[in-house]
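Colleague: Task: produce atomic coordinates for the following.
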Amino acid sequence: MPSVMTPLSQPCVAPTVAPCSSSADAQHPNDVFGRLFRACEGLPAVRCAVVHPCDADSLGGAIAAAQRGLIVPVLVGPQAKIRAVAKEGGWDLSPWRIVDTEHSHAAADTAVALARAGEVQALMKGSLHTDELMGAVVASATGLRTARRVSHVFVMDVPLYPRMLLVTDAAVNIAPTVREKADIVQNAIELAHVLGVPEPKVAILAAVETVNPDMQATVDAAMLCKMADRGQITGGLIDGPLAFDNAINLEAARTKHIVSPVAGQADILVVPDIEAGNMLAKQLQYLAGADSAGIVLGTRVPIVLTSRADSVRMRLASTAVLKLLAHARSQAATAQVA
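Modeller: Sure thing, here's the model as predicted:
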């Protein structure tokens, strides 16, 4: 999938709902989110179904993304509730389509149907439970599944780490098998390509760096590395098992005499299960001051799962990732037809 992370000269236009930049930018020397926003410049907005935007955070986030030129929102949910939230927030909804549904479950089903019909290029979660939206997405007959396993990736800007960091899977797969992990790794590699990393370094995390038959995470890591050797996973450099310190710190890797093109400079961290991933992502956010954007992959269209705890900047960054991915997929589809 082609990269669309080509920075342009003109700055992004800030939304009127809330600014994209903040004093926190000075603490993020890599400016990962800034690079995402600049890469979106010049690309047309993506038509995106916003599913059940019935609170101020979800509706305001969608409006901010629209004002920034990231998406053209299609608001899917109970129209009366959506308009009531807009009235309270002082927002004019006249530029955008509203698809009226009875409740949140119907909103999820309707949004998925719009994506299947090609009327929208992406989905964004509003004020409904993640399980409710993802249930509609993964439905076998009417959902958005592909041959690839559905997975989630956090795109993180960690102030003390000198590169963009992807963490997967911390939100969708509870205890993936090695076969499912292969898809999770491939999804993350292809996202890294879109985000401008042509050959991402992938660290398969475990508690130790050696294979221990009693520790399934180490066995899975070894199998994933061999699958990459045999061309079953492509597009990146993969190594594991690696403990977290050896994956992200060169000195720690040298101390343990680990010789690896990945150790100490990983672009992608692949966690053993959702518990490890959730804890790692939240520790990076709340203890290391990281900002994060998130995206669901392995579906017909990209999906943003927002959290009520997300700042406006983080919501916009997730939408920027969505926009870049949607455009890369469109380019790839056009190239196949040609």
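
Colleague: I figured G240 was touching P272, is that so?
Modeller: No. Using Cβ atoms under 8 Å as the test, G240 is too far from P272 to be in contact (10.1 Å). For glycine as for every other residue, the C-beta is placed from the backbone atoms N, C-alpha and C.

Colleague: Overlap of the contact sets of those two?
Modeller: Listed as contacting both G240 and P272 by Cβ atoms under 8 Å, 6 or more residues apart in numbering are L205, A206.

Colleague: Looking at the two, which is more packed in?
Modeller: G240 (29 against 21; other Cβ atoms under 10 Å).

Colleague: can you confirm the more buried one is in a helix?
Modeller: No. Counting by DSSP: H, G, I helix; E, B strand; the rest coil, G240 is located in no helix; its state is strand.

Colleague: quick one, what contacts it?
Modeller: V202, A203, I204, L205, A206, T218, A221, A222, L224, C225, V262, V270.

Colleague: Among those residues, which are located in strands?
Modeller: Within these, residues falling in strands by DSSP state E are V202, A203, I204, L205, V270.

Colleague: which of those residues sit farthest apart?
Modeller: Pairwise distances across these peak at 10.2 Å for V202 and L205 (criterion: Cβ to Cβ).

Colleague: Need the residues touching each of the two.
Modeller: The contact sets of V202 and L205 overlap at G240, V270 (Cβ under 8 Å, 6+ apart).

Colleague: what number of residues lie near the closest residue to A247 other than its chain neighbours?
Modeller: Leaving aside its chain neighbours, A247 sits nearest to A203 (3.6 Å; criterion: Cβ to Cβ, 6 or more residues apart in numbering). Neighbourhood size, A203 [other Cβ under 10 Å]: 28.

Colleague: can you pull the contacts of A203?
Modeller: When contacts are counted by Cβ under 8 Å, 6+ apart, A203 touches D239, G240, L242, A247, I248, V262, A263, A266, I268, L269, V270.

Colleague: Which residues belonging to stretch 74-89 are considered buried?
Modeller: By 16 or more other Cβ atoms under 10 Å, the buried positions in stretch 74-89 come out as V74, L75, V76, G77, P78, K81, I82, V85, A86.

Colleague: Include pLDDT when you put the residues you listed into CSV, please.
Modeller: Listed next are those as CSV, based on pLDDT from 0 to 100:
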residue, pLDDT
V74, 98
L75, 98
V76, 98
G77, 97
P78, 98
K81, 97
I82, 98
V85, 97
A86, 97
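
Colleague: ok, the residues you listed vs S140, which is closest?
Modeller: Among the buried residues of stretch 74-89, V76 lies closest to S140 (Cβ to Cβ), at 21.7 Å.

Colleague: immediately after the host helix or strand of that closest one, which helix or strand?
Modeller: Using DSSP states H and E, V76 sits in strand 71-77. Next helix or strand after strand 71-77 toward the C-terminus (DSSP H and E): helix 79-89.

Colleague: Can you show me the CA trace of that following helix as CSV?
Modeller: Extracted C-alpha coordinates of helix 79-89, given in CSV (Å, rounded to 0.1, in the frame of the first residue of the first chain):
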residue,chain,number,x,y,z
GLN,A,79,-31.7,12.7,14.6
ALA,A,80,-33.5,14.4,17.5
LYS,A,81,-30.7,13.5,19.9
ILE,A,82,-28.0,14.7,17.5
ARG,A,83,-29.7,18.0,16.8
ALA,A,84,-30.3,18.5,20.6
VAL,A,85,-26.5,18.1,21.2
ALA,A,86,-25.7,20.4,18.3
LYS,A,87,-28.1,23.1,19.6
GLU,A,88,-26.5,22.9,23.1
GLY,A,89,-23.1,23.2,21.6
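
Colleague: Spit out the contact partners of L242.
Modeller: Contacts of L242 (Cβ under 8 Å, 6+ apart): A203, I204, L205, A206, E209, A221, I258, S260, V262, A263, A266.

Colleague: now the closest residue to V51 other than its chain neighbours: how far from A281?
Modeller: Spatial nearest neighbour of V51, chain neighbours left out: A111 (4.5 Å); criterion: Cβ to Cβ, 6+ apart. According to Cβ to Cβ, to the nearest Å, A111 stands 25 Å off from A281.

Colleague: Those two: who's more crowded?
Modeller: Between A111 and A281, A111 has the larger neighbour count (other Cβ under 10 Å), namely 33 against 23.

Colleague: Can you tell me how far that one is from V99?
Modeller: Applying Cβ to Cβ, the value for A111 to V99 is 8 Å.

Colleague: what do you get for T319?
Modeller: Taken as Cβ to Cβ, the span from T319 to V99 is 19 Å.
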